[in-house]
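A.B. asks: Generate coordinates for the sequence data below:
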Amino acid sequence: MPSDAAELRGLSAAEVAERVQAGQVNTLPSRSGRSVAGILRANILTRVNLILFALWCCVLLTGRLEQGLFALLIVFNSVIGIVQELRAKRTLDRLAVVGEARPTVIRDGQRHQILRDEVVIDDLIAVAPGEQIVVDGQVASARGLEVDESLLTGEADPLAKMPGDAVFSGAFVVAGTGCYRATKVGAEAYAAQITAQAARFTLVRSELRQGIDQILRYVTWILVPVGLLSIVVQFSHPGTHWRDAVLGMTASLVPMVPEGLVLLTAMAFALGVIRLGKRNVLVQELPAIEGLARVDVVCADKTGTLTQNAMTLGEIIPLGADEATVRALLGELVAADDAPNASMQAIADTIPAASSPRLVTARAPFRSSKKWSGISFHDEHIVLGAPEVLADGEVAERAERFGASGRRALLLGRASTRVDDDAAPGPVAALALLVLDQLVRPDAASTLQFFQDQDVRLKVISGDNAASVGAVTRSLGVDLGEVVDARTLPIVDHDFDRRVEECGVFGRVTPEQKRQMVRALQRNGHQVAMTGDGVNDVLALKDADLGVAMGSGASATRGVAQLVLLDDEFAQLPHVVAEGRRVIGNIERVAKLFLTKTIYSVALALVFGVLTVPFPFKPLHVTVVGWFTIGIPAFLLSLAPNKSLAKPGFVRRTMSLAVPAGLIVAATTIVTYMLVRGRGEVSPSVQVEATTAALMAMIMAATWVLSVVARPYRLWRVGLIAFAYAFYGLLIHLPASQGFLDLDTSNPHTMLLGYAVGGLGMAAVEVMWWVRARILGEESHVLPRKEA
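C.D. replies: Residues are numbered from 1 along each chain as shown. This is a model prediction of the structure:
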């Protein structure tokens with residue numbers, strides 16, 4: 001650091017207040033995305049709501065208000081969507097404040113940790129390894145400062161920064177310490193805006209949402225011509241009153257709209273955010289929830305993930321110097337390090353800083369890629385790092401034995417050249433082995449076992465000694481396969497990909513190798529989650545399909561991760577994965593229900609239009625049918641647990657059930673209606689009997705679609721299906737509801753016909769489900785498996 005004290009004073013309180021008054025503050029968009037007004041607008045002014053509102057206005061003109069009950073969907077859709085998104089926004093706003101980087105500024109000569117949004121122009125900001133550059137600035141002082149800008153520029157190698165050099169928000173410090181002066185804040189800091197945008201909570205594109213958008217496009221293409229045909233047919237029947245024509249037209253169009261699909265999708269995501277928030281898991285990008293369901297490989301760093309972050313200095317084993325000399329040298333290392341990593345902090349907790357340290361002439365901050373750090377005095381060069389890097393022979397073998405027991409060994413040595421020399425450290429004379437003890441997280445074993453039980457492969461990727469990493473994983477009682485020293489891996493090619501696929505534990509992995517391992521797994525067709533807490537994990541976290549950072553980890557890791565475990569509990573990951581699978585699996589279930597309704601509604605409108613017969617149902621009929629065949633069951637199914645691993649092919653799987661199921665329901669309805677009514681003109685009583693029989697047949701077949709979608713059965717799901725059949729049976733046969741719905745069950749022959757055709761429709765749905773499962777290779781069990 002510069003010796004000039006004025007350089008380190010930073011801004012005064014008065015200067016900060018002056019800049020705040022002038023608006024020169026690092027104000028950035030909310031981490032949770034849309035404002036309250038935006039949420040209200042987005043949930044009320046939807047395409048579905050506008051279509052339903054227009055149809056409700058048509059019904060209003062007829063004076064038959066009871067036929068407009070479907071308009072309640074507008075209220076339900078809007079209220080539920082608004083409430084859930086506001087809850088999600090409140091959860092994310094609260095957690096984002098906890099999880100975001102808190103820069104250290106120097107004001108009036110004192111260091112203060114403040115919120116990112118409180119930085120003002122010209123603030124002096126201190127940085128250390130693992131910390132993010134939060135605003136654009138100019139380096140004021142540097143001690144071996146190296147900054148990684150790969151997330152901004154793609155440049156793979158860290159850049160050494162000297163006073164006067166520019167730094168950009170979104171970069172992060174990998175080595176050394178320093179200060180920089182803020183030159184651009186808020187809207188002027190372009191990179192900062194990109195960083196905020198990347199972490200914003202929005203309904204950004206994902207495979208699931210792309211699939212739903214694709215399905216809705218299909219529906220729209222079909223809806224327009226079929227809707228126009230229905231309108232023409234309903235108004236072309238001779239002798240038909242315009243009010244009846246309007247109601248028939250509305251009844252044919254309302255069920256074509258998959259009104260609840262988008263709502264339940266957004267609601268499921270929002271509920272996922274809220275549920276994870278209650279477990280102190282911050283969702284920084286919404287597709288992360290979808291990624292949770294698709295992950296089949298988890299790459300975990302050892303330190304801070306499987307073991308606790310804190311370590312203790314267990315032993316000092318003198319080699320080329322007595323213990324007193326070793327302790328004195330360690331005291332000087334502690335005094336010289338103003339940003340200690342976990343290993344140096346463990347030493348500092350036992351060895352006090354030297355009271356009268358020698359003048360430091362050169363520094364080499366620790367970097368994961370080289371595995372050592374050091375300082376030079378006028379007459380001596382001291383290094384501390386991995387024994388297998390700094391030494392060989394008996395010393396390295398002795399350190400390896402400590403590693404095999406799960407302990408971490410560091411070598412204190414005397415280098416032959418200045419530590420900042422390009423040839424450093426040169427030959428190293430071993431002075432002592434330092435043995436550090438690290439505690440395994442108490443929940444690590446059960447968490448690893450969960451992943452194995454769920455067919456999620458785990459790979460431990462660590463910068464520590466390979467033997468030590470292997471010993472820790474073995475102590476957890478989980479066999480992850482071969483332990484590999486990453487220095488022996490081939491260059492990135494087919495053999496590299498094969499070794500990464502086959503082996504389960506890797507030690508002495510460099511940050512770039514971590515990134516290449518993630519990419520190798522992705523090339524092998526895996527969906528990869530990466531957990532980490534250190535600056536050496538940033539590149540791998542960014543490239544993984546799902547990056548998970550620890551809340552106490554480096555701010556750079558939290559900045560690039562999609563999920564942050566704010567309480568540092570590795571045991572939250574099973575809950576995180578279960579939540580992702582619940583959301584995605586249940587959205588696929590309810591999509592099948594809504595699209596089945598759309599398919600049979602379009603088919604009914606098309607066939608009756610071609611046959612030029614009156615549409616059999618009124619708007620109230622289709623509203624009631626939707627209550628317990630789709631609406632309420634879909635809502636309940638969207639909340640239920642779901643352990644199925646999400647797989648690609650959402651559109652194909654959904655349409656492969658919805659299209660045949662919808663056509664079966666439509667055929668069941670059409671056959672019943674035409675057998676009872678015929679094509680010619682009929683009396684009003686026959687028309688009502690035909691409508692009643694067709695409605696009964698349609699409900700029977702549509703509810704059986706619900707029964708196959710709800711499999712495998714749980715008790716509550718069986719109860720839901722039984723309740724639906726009982727409810728509709730009473731609704732159709734009770735005199736009070738018959739009068740309200742304009743139904744007539746007095747003709748036993750027509751009702752028997754309706755029951756018979758409805759039963760055939762149920763059987764056809766059942767056969768379709770079994771055949772489809774065989775073709776797609778899906779499980780077709782009706783009851784849950786014992787292990788589930």
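A.B. asks: All the helices of the stretch 201-350 of the chain, in order from the start?
C.D. replies: Under the criterion DSSP state H, counting those that start in this stretch, the stretch 201-350 of the chain contains helices at 207-236, 242-253, 259-278, 287-294, 323-336, 342-350.
A.B. asks: How about the backbone phi and psi for the residue lying farthest from the centre of the chain?
C.D. replies: Most distant from the centre of the chain: residue 683, at 58.9 Å, with distances by C-alpha atoms, centre = their mean. Reported as degrees, to the nearest 10, the phi and psi values for residue 683 are phi -70, psi 160.
A.B. asks: go on, residue 172?
C.D. replies: When read as degrees, to the nearest 10, the backbone of residue 172 gives phi -150, psi 160.
A.B. asks: On the strand side of things, show who it bridges to.
C.D. replies: Taking DSSP bridges as the rule, residue 172 bridges to residue 132, residue 148.
A.B. asks: How many residues are close by it?
C.D. replies: 25 (other C-beta atoms under 10 Å). C-beta: built from backbone N, CA, C; applies to glycine.
A.B. asks: ok, now which ones touch it?
C.D. replies: Residue 172 sits next to 130-133, 147-148, 151, 535, 538, 554-556, 559 when contact means C-beta atoms under 8 Å, 6 or more residues apart in numbering.
A.B. asks: From residue 115, how far out is it?
C.D. replies: Using C-beta to C-beta, to the nearest Å, residue 172 is found at 18 Å from residue 115.
A.B. asks: next one: residue 226
C.D. replies: Distance, residue 226 to residue 115, using C-beta to C-beta: 55 Å.
A.B. asks: Mind checking which of these two has more residues around it?
C.D. replies: More crowded of residue 226 and residue 115, by other C-beta under 10 Å: residue 226, with 20 against 13.
A.B. asks: does the more buried one really touch residue 602, like I thought?
C.D. replies: Yes: the pair residue 226 / residue 602 is scored as a contact, 5.2 Å apart, by C-beta atoms under 8 Å.
A.B. asks: what do those two both touch?
C.D. replies: Taking C-beta under 8 Å, 6+ apart as the contact rule, residue 226 and residue 602 both touch residue 256.
A.B. asks: count of neighbours near residue 726?
C.D. replies: Number of residues near residue 726 (other C-beta under 10 Å) recorded here: 11.
A.B. asks: oh, I was asking about residue 69
C.D. replies: Residues contacting residue 69 under the criterion other C-beta under 10 Å number 15.
A.B. asks: Now do the SS call for it.
C.D. replies: helix (DSSP: H, G, I helix; E, B strand; the rest coil).
A.B. asks: residue contacts, it?
C.D. replies: The contact partners of residue 69, by C-beta under 8 Å, 6+ apart, come to 619-620, 623.
A.B. asks: Inside helices: which ones of those residues?
C.D. replies: 619-620, 623 (DSSP state H).
A.B. asks: Provide a list of residues in contact with residue 268.
C.D. replies: Applying C-beta under 8 Å, 6+ apart, we find residue 268 in contact with 583, 586-587, 638.
A.B. asks: Turn those into CSV, including distance to residue 418 and secondary structure.
C.D. replies: Shown next, in CSV, are the contacts of residue 268 (distance: C-beta to C-beta, whole Å; DSSP: H, G, I helix; E, B strand; the rest coil):
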residue, distance to residue 418, secondary structure
583, 56, helix
586, 62, helix
587, 61, helix
638, 64, helix
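A.B. asks: Save those residues as CSV, and put in neighbour count too.
C.D. replies: Converted to CSV, the contacts of residue 268 look like this (neighbours: other C-beta atoms under 10 Å):
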residue, neighbour count
583, 27
586, 22
587, 30
638, 22
